[in-house]
Each structure stands twice: as structure tokens, then as C-alpha cells.
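**Student:** Here's my sequence, what's the structure:
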Amino acid sequence: MKRRQFLTSSLAASALAFAKQSAAQAPSGKPREYYELRKYHLQSGPESHLTNSYVSDALIPALNRLGISPVGAFNLDIGPETPTIYLLLPGTSLETLATAELRLPHDDAFMKAAEPFWNAPAKEPAFQRVESSLLIAFEGWPHLVVPAATAQHGKRLFQLRTYESPSNQDHVRKVEMFHHGEFDIFQKAGFGQVFYGDTLIGSRLPNLTYMLTFADLAEMNVKWDAFRNAPAWKTLSSDPRYSFESIVSNISNLLLSPTSYSQI
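**Tutor:** The predicted model follows:
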């Protein structure tokens, strides 16, 4: 048993050390951020209000005190399994992200604010299930970008896209494609680019996830038309190395709206 525990802890420590080393190797010289993408699956009714109050009044302030900031909080508008609250937790410290939930009970202010959520009875749960995945920022996009409209609580629509690949090699090629021109094409088409992340731990691997932002649905459609018709995109996507059917096997495309308390 002791040997098994030693091996488990050693593997965890090695993985953490490798991840820290990888983060320090971004070409820009900046450490790459890590992201926890968390989903609270809810049931319509008063319990959803309890979860929103918990995230707004207890969880986000406590995460901010741990240095996890800014925290994005979004309602799923279009996609499977509504209602669901999505949280985006960024940080340069993998250890802080990984141990945040263990540290929260030691925060007295958090425990006081979280009491109604934590003490919800089993027959009236505050949520159905929680899912979480861990991502590392792309080397060419090492930090998330907060939309300018966030500070004024302006209109914002977010698109969360996940690309699954049929193999690890194909996944690497799709990530490479972003670095070989796709970032710039998004920029020239006027997209708001929030983050790009390579999934380290999660379901349906290998995959990547990225987030775009727009003022509204009409703007989103106009900008995607500009993207698809851009000569640079037609050139890039016609490269046999980046043949879409070969390197992307499935796409998840969700539309999210920010909660009133979202920091993104």
C-alpha cells in the first residue's frame, strides 16, 4: 500500500513539474495560463437561484482571494443540457487551480457565504452534477483577453467551440493550424478572441477548446461570413496538411451569455 501511495504521489509530482516546465517555454517568454472549465448542471426551479447566489457571493470572491482572476461565469443559451452554468477559472499556478476546492473550507468568509449552498438537503439539491476539465493555453495565445465591453457590462455573446481530433497527431496539426495563420484571420475578421486551450484532463480526448465573443448573434454571423470568405483562410484550409476532415472529427459549438456577476 505504501509503495502504491508513493508511486501515485511521485507520478502526480512529476506531472506537475512537467506542466510547470511546459508553461515556462512559451515563445513570448510569458508563462502560459491554465484554465479550469467547470460546468454546474442545474435543474430548473429555485435551486438554480441558490447556485447562482453561491457562485456570485461565495465562490468567485474566494477564488479571487486565491489569485484566480478574472473568473468567467456564463449561462448556456444554446447547447445540450440546459440549464447549465459554465465557469472559466484562469491561473498561472497549476497547483492553485488544482487545490482551490481543498482550500475553500479554510476561508471563513467563504464558508459563511456558502452555507445555504453547502447545506442544501439531498431532496432539494442546489445542482445535479459538476463536471470539470483542465486546459493549458496555446503557446501563441498564452493569456485570456477580457472583452472591452465587460467593464461597462455591455452586450456580450460568447461562443465556446471544442474540436475533437481522431488521433494525437491530428490534434497537434489542428493546434498548429491556429499558430500558422488562424489567429490572424480571426483578428482581421473582427472577432473578439478570449482564450485558446489544449485539454490536458477531461473527456473525449484529444481536443482543444477556444472562446470567441461578439456583441450579439447578428454580429457573430457577419464575422463568421467574413472569416469563411477571407482569402487567407481559403489558402490555409486548402493546405493538405490541414485537411479539415482529417484533423477534426467532431465539433461542439455552444452559445453562452455572461451572468450579471461574470468578470469576463
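
**Student:** all helices of the chain, in order?
**Tutor:** Here the chain has its helices, by DSSP state H, at 2-23, 46-54, 60-65, 94-103, 108-118, 168-177, 183-188, 217-229, 231-237, 244-247.

**Student:** who wins for proximity to residue 199 among these?
**Tutor:** Among the helices of the chain, the nearest to residue 199 by C-beta to C-beta is helix 168-177 (9.2 Å). (Glycine included, C-beta is placed from N, CA and C.)

**Student:** I'd like the average pLDDT over that closest one.
**Tutor:** The average pLDDT for helix 168-177 rounds to 97.

**Student:** That one: which residues count as buried?
**Tutor:** Using 16 or more other C-beta atoms under 10 Å as the burial criterion, the residues of helix 168-177 that qualify are 170, 171, 173, 174, 175, 177.

**Student:** Low-confidence ranges, the chain, go.
**Tutor:** Applying pLDDT under 70 to the chain flags residues 1-28.

**Student:** And the residue nearest the centre of it?
**Tutor:** With distances taken as C-alpha atoms, centre = their mean, residue 37 lies nearest the centre of the chain, 4.1 Å away.

**Student:** CA atoms of stretch 247-264 as PDB?
**Tutor:** What follows is stretch 247-264, C-alpha atoms only, in PDB (Å, rounded to 0.1, in the frame of the first residue of the first chain):
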ATOM      1  CA  ILE A 247      -7.800  16.600 -38.400                       C
ATOM      2  CA  VAL A 248     -11.200  17.400 -36.800                       C
ATOM      3  CA  SER A 249     -13.700  14.500 -36.200                       C
ATOM      4  CA  ASN A 250     -16.300  16.400 -34.200                       C
ATOM      5  CA  ILE A 251     -17.200  20.000 -33.100                       C
ATOM      6  CA  SER A 252     -19.100  21.100 -30.100                       C
ATOM      7  CA  ASN A 253     -20.500  24.700 -30.600                       C
ATOM      8  CA  LEU A 254     -22.100  26.400 -27.700                       C
ATOM      9  CA  LEU A 255     -23.500  29.900 -27.200                       C
ATOM     10  CA  LEU A 256     -23.200  31.400 -23.800                       C
ATOM     11  CA  SER A 257     -24.300  34.700 -22.200                       C
ATOM     12  CA  PRO A 258     -22.500  36.200 -19.200                       C
ATOM     13  CA  THR A 259     -24.100  36.300 -15.900                       C
ATOM     14  CA  SER A 260     -24.500  39.600 -14.100                       C
ATOM     15  CA  TYR A 261     -21.600  38.700 -11.900                       C
ATOM     16  CA  SER A 262     -19.200  37.400 -14.600                       C
ATOM     17  CA  GLN A 263     -15.700  39.000 -14.600                       C
ATOM     18  CA  ILE A 264     -15.200  38.200 -18.300                       C
END
